[in-house]
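A.B. asks: Give me coordinates for this.
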Amino acid sequence: MVGAACMVFGLPATVSAQTLDNNYWLSVMAFFPRVDTDVRVAAAKQADIGTAIDFENDLALDKDEILPSLTAGARFGRAIVGADFYKLNRKGTVNLARDISFDGVVYPANVQVRSGVDSQIYRFTVGYAFVQTPSVELGAAVGAHVTRFAMSIAGNARVGNQGTPDMQERRRDVLAPLPTLGAFVTWKIAPRVELNGRFDWLSLKIDDYNGRLLNTQVGVNYAVAENLALGVAYRYVDYRLGIDKPVWNGQVRYKLYGPALLLQASF
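C.D. replies: Coordinates of the predicted model:
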């Protein structure tokens with residue numbers, strides 16, 4: 001499962017906020033996203049295709065989060081490289097309002113279940129600036145989002161035709177790098193003010209996997225000192241993954257969107 005998933009599954013990390021004044025930068029960002037997670041997991045070779053589960057509404061995971069992230073980048077002439085990291089760990093406990101089927105077991109209505117969605121995301125990019133002037137930089141990039149994603153549900157559940165529920169915990173893990181294509185722009189509109197934007201996209205089908213990724217961010221940085229800037233940004237991330245394997249069958253959709261604040265040092 002992991003080998004094929006590595007080609008189509010991932011969660012994008014924070015977009016690098018590069019600067020035109022210096023060739024190296026390091027930034028810390030606080031991202032305030034609205035999160036939407038929809039998952040369906042079915043056991044292999046079973047007629048039950050699983051329930052489409054909204055982890056926020058059905059399982060009481062927080063919809064609003066504060067995500068810290070770290071970004072580093074460097075410019076070597078027209079070549080620009082970047083790396084990012086952040087993680088999102090959420091857990092919830094709820095009495096179910098309806099029956100849900102997850103990975104071959106059925107958690108009945110009114111049963112209390114514990115659930116979690118954990119992810120660790122690394123992003124690497126290599127770009128080339130086709131336009132590079134003292135005030136504008138515009139280019140394209142290739143990269144990879146390397147994501148470890150885990151989802152779990154635990155509580156009293158029925159297995160198959162079993163009549164009496166007992167404690168069952170189901171967990172699915174995926175480790176997957178997702179290749180991406182994108183574009184970026186940085187525009188200095190005033191001596192201390194830079195606008196920046198990035199767009200990453202992928203849509204593909206490989207063997208028993210199909211996926212789509214859309215990742216975009218726009219922002220503005222203000223230089224409060226020679227090597228220090230404050231910034232605000234808005235980010236939208238939407239990816240979808242479908243899996244149809246003998247091991248398991250399922251779908252995942254993950255959306256994050258909202259504002260962010262950043263502190264950036266450059267030299």
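A.B. asks: Provide a list of residues in contact with residue 154.
C.D. replies: 113-115, 167-170 (C-beta atoms under 8 Å, 6 or more residues apart in numbering). All C-beta atoms are positioned from the backbone trio N, CA, C, and that covers glycine.
A.B. asks: and these, which are buried?
C.D. replies: 113, 115, 168, 170 (16 or more other C-beta atoms under 10 Å).
A.B. asks: Take the contacts of residue 154 and keep only those in strands.
C.D. replies: When the contacts of residue 154 are checked against strands (DSSP state E), the matches are 113-115, 167-170.
A.B. asks: So which other helices or strands are in contact with the helix or strand hosting residue 38?
C.D. replies: Assigned by DSSP states H and E, residue 38 belongs to strand 34-43. Applying 3 or more C-beta pairs under 8 Å, 6 or more residues apart in numbering; DSSP states H and E, we find strand 34-43 packed against strand 53-54, strand 248-266.
A.B. asks: In the next helix or strand after the first one, which residues are buried?
C.D. replies: Think strand 53-54. Using DSSP H and E, the helix or strand that follows strand 53-54 in sequence is strand 67-76. Within strand 67-76, the residues that count as buried by 16+ other C-beta under 10 Å are 67, 69, 71, 73-75.
A.B. asks: returning to what we had before: give me the contacts around the strand holding residue 38.
C.D. replies: Outside strand 34-43, the residues touching it (C-beta under 8 Å, 6+ apart) are 48-56, 61-65, 88, 90, 101-104, 117, 151, 170, 172, 248-258.
A.B. asks: Model confidence for the closest residue to residue 256 other than its chain neighbours, exactly?
C.D. replies: Nearest residue to residue 256, sequence neighbours excluded (C-beta to C-beta, 6 or more residues apart in numbering): residue 33, at 3.9 Å. In this prediction, residue 33 carries a pLDDT score of 89.
A.B. asks: Same question for residue 45.
C.D. replies: 68.
A.B. asks: would you list every one of the helices in the protein?
C.D. replies: 2-5 (DSSP state H).
A.B. asks: still on that earlier bit, compute the inter-axis angle for the strand holding residue 38 and strand 67-76.
C.D. replies: 100 degrees (axes from the mean of the first three to the mean of the last three C-alpha atoms, to 10 degrees).
A.B. asks: what's the angle from strand 34-43 to strand 248-266?
C.D. replies: 150 degrees.
A.B. asks: buried ones in strand 34-43?
C.D. replies: Buried residues in strand 34-43 (16+ other C-beta under 10 Å): 35-43.
A.B. asks: can you check stretch 185-197 too?
C.D. replies: Applying a neighbour-count criterion of 16+ other C-beta under 10 Å, one finds 185-188, 194, 196-197 buried in stretch 185-197.
A.B. asks: Pick the one among those residues closest to residue 122.
C.D. replies: Closest to residue 122 out of these is residue 196 (21.0 Å), distances taken as C-beta to C-beta.
A.B. asks: That closest one contacts residue 216, doesn't it?
C.D. replies: No: using C-beta atoms under 8 Å, residue 196 makes no contact with residue 216, being 11.8 Å away.
A.B. asks: about what we covered before: biggest separation within the buried residues of stretch 185-197, which pair?
C.D. replies: 188 and 197 (13.4 Å).
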